[in-house]
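> how does the following fold in three dimensions:
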Amino acid sequence: MMTVEEIKAAIEAALPDAGVEIVCNPSVSGQHSLRLAPAQAVAVAKFLRDDLLFDYLSNVTGVDWPDKEVAEKVRVTRPVTKTVDGVETTVEETVEETRKRVAPGCLEAVYHLYSVAQKQGPVVFRLKTVNRTDQVELPSLTPIWRSAEFQEREIFDLFGIVFTGHPDLRRLLMWDGFKDHPMRRDYVEPDDFEYEPTAHDQVLARALAHQAASRTAQEAAAPALGAGQEGTGASQ
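Model prediction:
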C-alpha cells in the first residue's frame, strides 16, 4: 500500500506543477489526505487512474466550511507619552495585541479511491472552492471516473458546488425550482410545510405555529380587503 507521501512524490515527479499538499488527519485513524489544485485536478486524476491504477472511485462527498473568526496575536509599535521629572517625552513602545479577523470559508469535494487490481485504498483527495458565495466552481472528475456523475450531482444539489465539465449537472434530490442547498451549515429549514403524522413532536409544534401565524395574517388582511370592496361599491 502506497502512503500519501509516496503518492504525492509520484504525482509531483510526473506533474511538477500539480500543486499537491498533504492534509493531516489528527484522529486515531490517521487517514491523511491530499489536496489538489483545481486547475490541475483533471490531469492528476488521470495520472492516479492510469499510472497508479486507482481505477475505482467509491465515494464523493461535500463539506461546507463557513466563515470563521480567527484571533491572532501581533506585535505593534506605537508612540507613548511618558512624564519623567515633570517633562513629557514621547517614546516608541512595542506591545502585543490580539486582533480578530474573519477567515473566508469554502466548499470542499472529497474523493475516495481504490485500486481493485492492486487491492489498495482508500486514497482520499480533496478539492476546495475559492469561497462559498460566488466562486464555487470545481472541475468535474466524471470524465475520469464515471461513478462520480451522480455523486457530483448530489453535491451540487445539497452543497452548491458547480462542477464544470459535468455531462449532466442538475439537481438530484431537490426539485428544479428549489432555491437553497440543504447541507450548508447556515441552511434554514422552511416552516411552511404541511403537518404529516410523525413521531417527532418538534415537527408538529412548528407546523402548528406556522398555521397560527397564517391565520393571524389572514385575519389582519380581512378588514382591509372588506374596506376596499365597500369603497369600490360606493363609487359605483
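
> kindly check the end-to-end length of stretch 121-136 for me.
From its first residue to its last, stretch 121-136 covers 28 Å (C-alpha to C-alpha, to the nearest Å).

> correction: stretch 155-167
End-to-end for stretch 155-167, by C-alpha to C-alpha: 15 Å.

> got the contact list for that stretch?
Contact with stretch 155-167 is made by 42, 60-64, 107, 109, 129, 132, 136-140, 142-143, 149, 152-153, 169-174, 181-184, as judged by C-beta atoms under 8 Å, 6 or more residues apart in numbering. Glycine gets a C-beta too; all of them are placed from N, C-alpha and C.

> since we're on Leu107, how many residues are nearby?
Leu107 is flanked by 27 other residues according to other C-beta atoms under 10 Å.

> whoops, I mixed them up, Pro104
14.

> please spell out the PyMOL selection for the buried subset of the contacts of stretch 155-167.
To isolate the buried members of the contacts of stretch 155-167 in PyMOL, using 16 or more other C-beta atoms under 10 Å:
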select buried, resi 42+60+62+63+64+107+109+129+132+136+138+139+140+142+149+152+153+169+172+181+183+184
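
> could you list the domains of this structure?
4-64+108-164, 69-102, 189-225 (automatic domain parsing).

> can you give me the end-to-end distance of the longest one?
So that's domain 4-64+108-164. 27 Å.

> what ranges does this protein have for its strands?
21-23, 33-35, 56-65, 68-84, 87-103, 106-115, 120-128, 137-139, 162-164 (DSSP state E).

> the fourth one: how far from the chain's middle?
On the basis of C-alpha atoms, centre = their mean, to the nearest Å, the separation between the geometric centre of strand 68-84 and that of its chain is 35 Å.
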